[in-house]
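1. Fold the following for me, if possible:
(3 chains)
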Amino acid sequence: MYIRATGNISAQKTFGHPPFLAETAEYTGNRLSCIEPDYKTFIDVKLIRRMSRIIRMGVAAAMECLQEADVKIPDAIVTGTAYGCLEDTGLFLTKMVEFNEELLTPTAFIQSTHNTIGAQIGLMLQCNNYNNAFVHRGFSFESALLDGMLLLKEKEAATVLVGAIDEITNISHTILSRMGFYKQGAVSSLQLFKKNPVAIGSKGTIAGEGAAFFLLANEPSSTDYAKLDGLKTFYKPQGVKEIEEHILSFLDAHSITFNDIDLVITGKNGDAKSDEIFDRLQQTLFTKNNTINYKHLCGEYPTATAFALWMAANIIKSGAVPAALEYSGSKENTIKRVLIYNHYQNLHHSLLLISAC
Amino acid sequence: MSDLKTQIIAQLNLQDVKPEDIADDQPLFVEGLGLDSIDALELIVLLQQQYKIKLSNAEEGPKVFRSVRTMAEYITAHQSRNV
Amino acid sequence: MSQAVFVAGVGAISAIGKNVAECLDALENSRAGIGHMHYFNSLHRERLPVAEVKMSNDELAQLSGLPTTKSRTALLSMIAATEALTDAGIENLAAFRTGFISANSVGGMDKTENFFAEFLSDNQRGKLRDVVHHECGSISELVADQLGIKEYVTTISTACSSSANSIFFGARLIKNNILDVVVAGGTDALTKFTLNGFNSLMILDEQLCQPFDENRRGLNLGEGAGYIVLVSEKVAAFLKKKPVVTLSGYCNANDAYHQTASSPDGTGSFLAMSGALKKSGLQPADIDYINLHGTGTQNNDIAEGTAIRRLFDPRYPKMSSTKSFTGHTLGGCGGIEAVFSILAIEKGIIYPNLRLQTPMKELPFTPEINFIKNIQVKNVLSNSFGFGGNCTSLIFSKS
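-> Numbers count the residues shown, from 1 in each chain, chains lettered A, B, ... in the order given. Next up is the predicted model:
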């Protein structure tokens, strides 16, 4: 199946399809917020007024994706979000506590439901087709992607809009900071991997957020980015050996070896404990493969794999790896097949295989 | 009535709308400002919060919220009753 | 691809019982579970009736085997999922690829709202253990870990149709030969967040709800969980207790009309029901019973009823809303009502629509008001419709 179009709002300049990561935004501090466009060209003003930031980001990224694909009504809309609409959730909770369960208005409650973004896209498009929302932590995007891929395989759909959306709010950032997820003090996002986090024992990652959508199609078109060949997820592996077995069986299922992979995108996030797994695999499995990272650009969040997929699709389409990705390999112009390996808190592991059309 | 217009704009987050853009007798719903059932619920809470007036049932909504003038009349009528 | 997906086991906990047998007994004896708040606490306790599971968190924890500090949503889920797996009696479960596809609407919100009261006074306060399972997926993982299911775990949240969609997705994972066994369904506990949310929408009934009644006033919120165990033909052949019910049809459609309200003609409901019929290869006349979404709100019941008229007129199957017993359990209702639908086929029974006094004047049909037994039920349509226009219909059939 084919990735026909993308739409991406992230901490980098990605919306509106500017030259692929030609410029990079650098962040100091542990919070990477999205660079947001002027939404009024994408969303009716009458609708915008009720939409919180994450809903605007999701809807705008979806609309950009559909425009690029020149698809008016997709056969299915599937979204993935781990946290859902946190701002609206926090707003309603705050008012509920402050006003002691009285004088509450429904808007924030309505918009807080996890299917709001997919529903708003359906509503704006007047799309009566399949509409689903997955909310499973570090598997949210992967589950949505699997649903979309199966709909294409089952011939229930010819075009599927699949996306991932997660936001950081002041409340979520405070709580996740208290849980010790993030680095303390001033850190430059672009310096995240300059010194190997594992070697220096660096603790914590940098918070990220994003909205990325993809139009997947059964039939090829002249504008395709790449082919999406495979997806595999595995939950709570017992050690690196089990991870290796999953990766090997994934390649086996697609009848390829490491020699057939031109580039590996890893989900390193700057936290020593988290990145150790990737370092081990570079010594055991990816020994001859060129590898790059991506979370210094978008930060860490449960649906960050969507940013990696957007990157892989662009690398294959453009045939180039932007400087921001610190690529040191030799096969720059001949990258035909990319493997993405991500894990979120060593609980949710995923593998994605993308290749040139 | 201009206070009321400002409150409506704030409560409903009506972007790019100024108090003077809303005529006193302009319909608020559907063909006028384009408000819907959720806005009606927001306006019910506005009356409660700002004017301590409780609409006894939601079905009164369409009549009370027809325009800024009908809202203002409703407020005046019910406030004086409370005094 | 075309292989059948069988139902090997069912499990449910709701306001009318902590297991399937208790729920069935209440259904047979027209005993609703809706009333004053006893375990759940809210400012609205005197005004709004709810359908509580009649057990404290401590009692639920003991029954579930999970710690009492965990979200009530997880405790309910664990109890119903365990019952479903036990009912299925798959002896060599470890030999099969088994998944847990769950659903809920607000994750561990019951704990988050406790946390929040303290957090708002000082953002360094509030116990982190109360917010660590806030995410919907985290609730599913608590249960999957305890059940020992690891092969595939995910969570769906499409408001009130959530657990119908998890059953739908689970069946497709079997049909696509990704899994052999799936425990699918959903769960939700009562929370202040949802109670106040629905209250702000002014669609809660201050009396016991009357779905599909001309004078209906709104819905009663409930809590509970329902799960079914779906198995492939290959697994079904292994089982001692041969499954007799299949999931024969399903469809997910979107109303695309309004964020919360259903379209007057029930476009989404019609598309979901007709799509599920098409998938199953059945005609409207083949349906023996419809388990209605039937929340009791003005808007839902007329939209659903209008769509039913459009699809079934002039021959109407028997139908009822079991929410008149269980209240509206949000992320749990698709699962609980799937269990009731399956039991209707297995036991040849149909449930009453309680408190129906005046049939809706716009509709030419009336839901069942009596419990019926010893009746042939071959095909059941179960409707679940939610905010965001998400409409899903499932069809269960006698194999």
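
2. hey, let's count contacts and neighbours off CA atoms from now on
-> Fine.

3. Tell me where chain A has helices.
-> Ranges of helices in chain A, per DSSP state H, are A:45-48, A:53-69, A:86-98, A:107-112, A:116-125, A:140-153, A:170-178, A:197-200, A:240-253, A:272-284, A:295-298, A:305-318.

4. Revised request: answer the last question for chain B.
-> Under DSSP H, chain B gives helices at B:2-12, B:37-51, B:61-64, B:68-82.

5. okay, now residue C:45: neighbour count?
-> Number of residues near residue C:45 (other C-alpha atoms under 10 Å in any protein chain shown) recorded here: 14.

6. separation between it and residue C:111?
-> According to C-alpha to C-alpha, to the nearest Å, residue C:45 and residue C:111 sit 19 Å apart.

7. Could you do residue A:288 as well?
-> Distance of residue A:288 to residue C:111, given as C-alpha to C-alpha: 48 Å.

8. And residue A:320, by the same measure?
-> 48 Å.

9. Pick out whichever of the two has more residues nearby.
-> Taking other C-alpha under 10 Å, residue A:320 and residue C:111 do not tie; residue C:111 has more neighbours (23 against 16).

10. residue nearest the centroid of chain A?
-> residue A:306 (2.2 Å; C-alpha atoms, centre = their mean).

11. Would you enumerate the residues in contact with that residue?
-> Contact analysis of residue A:306 by C-alpha atoms under 8 Å, 6 or more residues apart in numbering or on different chains lists A:141, A:163, A:164, A:212, A:213.

12. what's the closest of the helices of chain B to residue A:13?
-> For the helices of chain B, proximity to residue A:13 was assessed by C-alpha to C-alpha; helix B:2-12 is nearest, at 31.6 Å.

13. Next, the buried residues of that closest one.
-> Neighbour counts using 16 or more other C-alpha atoms under 10 Å in any protein chain shown place B:4, B:5, B:6, B:7, B:8, B:9, B:12 of helix B:2-12 among the buried residues.

14. I figured the second one hits residue B:67, correct?
-> To tie it back to what came earlier, the one meant is residue B:5. No: assessed by C-alpha atoms under 8 Å, residue B:5 is found out of contact with residue B:67, at 10.3 Å.

15. and stretch B:8-19, does that touch chain C?
-> No: Stretch B:8-19 does not reach chain C (C-alpha under 8 Å from any C-alpha of the partner chain); its nearest approach is 14.6 Å.

16. Kindly apply the preceding question to stretch A:207-218 instead.
-> No: Stretch A:207-218 lies apart from chain C when judged by C-alpha under 8 Å from any C-alpha; the minimum separation is 15.9 Å.

17. centre of the chain versus that stretch, how much separation?
-> 6 Å (C-alpha atoms, centre = their mean, to the nearest Å).

18. again with stretch A:25-43
-> In terms of C-alpha atoms, centre = their mean, the centre of stretch A:25-43 is set 15 Å apart from its chain centre.

19. Any residue of that stretch touching chain C?
-> No: figure legend: stretch A:25-43 not in contact with chain C (C-alpha under 8 Å from any C-alpha); closest approach 15.5 Å.

20. What lies in contact with that stretch?
-> Here stretch A:25-43 makes contact (C-alpha under 8 Å, 6+ apart) with A:9-13, A:15, A:48, A:56-57, A:59-60, A:63-64, A:168, A:182-190, A:205-210, A:297-299.

21. Residue ranges in the chain under the pLDDT threshold?
-> Assuming you mean chain A. Along chain A, segments meeting pLDDT under 70 span A:331-333.

22. not quite, I wanted chain C
-> Scanning chain C with the threshold set as pLDDT under 70 gives C:1-2.

23. Please enumerate the strands of it.
-> C:5-13, C:98-103, C:152-156, C:181-188, C:224-232, C:245-254, C:289-291, C:318-320, C:379-385, C:390-398 (DSSP state E).

24. For the third one, list every residue counted as buried.
-> In other words, strand C:152-156. Going by neighbour count (16+ other C-alpha under 10 Å), the buried part of strand C:152-156 is C:152, C:153, C:154, C:155, C:156.

25. was I right about residue A:113 contacting residue C:107?
-> No: judged on C-alpha under 8 Å, residue A:113 makes no contact with residue C:107 at a distance of 11.0 Å.

26. Residues of chain B that sit close to chain A?
-> By C-alpha under 8 Å from any C-alpha, the residues of chain B that approach chain A are B:12, B:13, B:14, B:15, B:34, B:38, B:41, B:42, B:45, B:48, B:49.

27. still on that earlier bit, of the buried residues of strand C:152-156, which are in range of chain A?
-> Subset of the buried residues of strand C:152-156 in contact with chain A: C:152, C:153, C:154, C:155, C:156, counting by C-alpha under 8 Å from any C-alpha.

28. The biggest strand by length in chain A and chain C, are they touching?
-> The residue-count maximum for a strand in chain A (DSSP E) belongs to strand A:226-235. Yes: under the criterion of C-alpha under 8 Å from any C-alpha, chain C is reached by strand A:226-235 at A:233, A:234, A:235.

29. Dump these to CSV, plus neighbour count and distance to residue A:244.
-> Conversion of those to CSV gives the following (neighbours: other C-alpha atoms under 10 Å in any protein chain shown; distance: C-alpha to C-alpha, whole Å):
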residue, neighbour count, distance to residue A:244
A:233, 23, 13
A:234, 20, 11
A:235, 21, 13
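
30. picking up where we left off before, for residue C:161, find the nearest of the helices of chain A.
-> Across the helices of chain A, closest to residue C:161 is helix A:116-125 (C-alpha to C-alpha), at 12.7 Å.

31. Could you see whether chain B lies near that closest one?
-> No: between helix A:116-125 and chain B, judged by C-alpha under 8 Å from any C-alpha, nothing touches; the nearest distance is 14.7 Å.

32. Who are the packing partners of that helix?
-> Applying 3 or more C-alpha pairs under 8 Å, 6 or more residues apart in numbering or on different chains; DSSP states H and E, one finds that helix A:116-125 contacts helix A:53-69, strand A:76-80, strand A:130-134.

33. buried set for that helix?
-> Residues A:116, A:117, A:118, A:119, A:120, A:121, A:122, A:123, A:124 are the ones in helix A:116-125 that count as buried (16+ other C-alpha under 10 Å).

34. again with stretch C:139-156
-> Neighbour-count burial for stretch C:139-156, counted by 16+ other C-alpha under 10 Å, picks out C:139-144, C:149-156.

35. which among these gets closest to chain B?
-> Nearest to chain B among the buried residues of stretch C:139-156 is residue C:156, at 25.7 Å by C-alpha to the nearest C-alpha.

36. Isn't that closest one up against residue C:164?
-> No: counting by C-alpha under 8 Å, residue C:164 is not a contact partner of residue C:156; they are 9.4 Å apart.

37. Great, nothing more from me.
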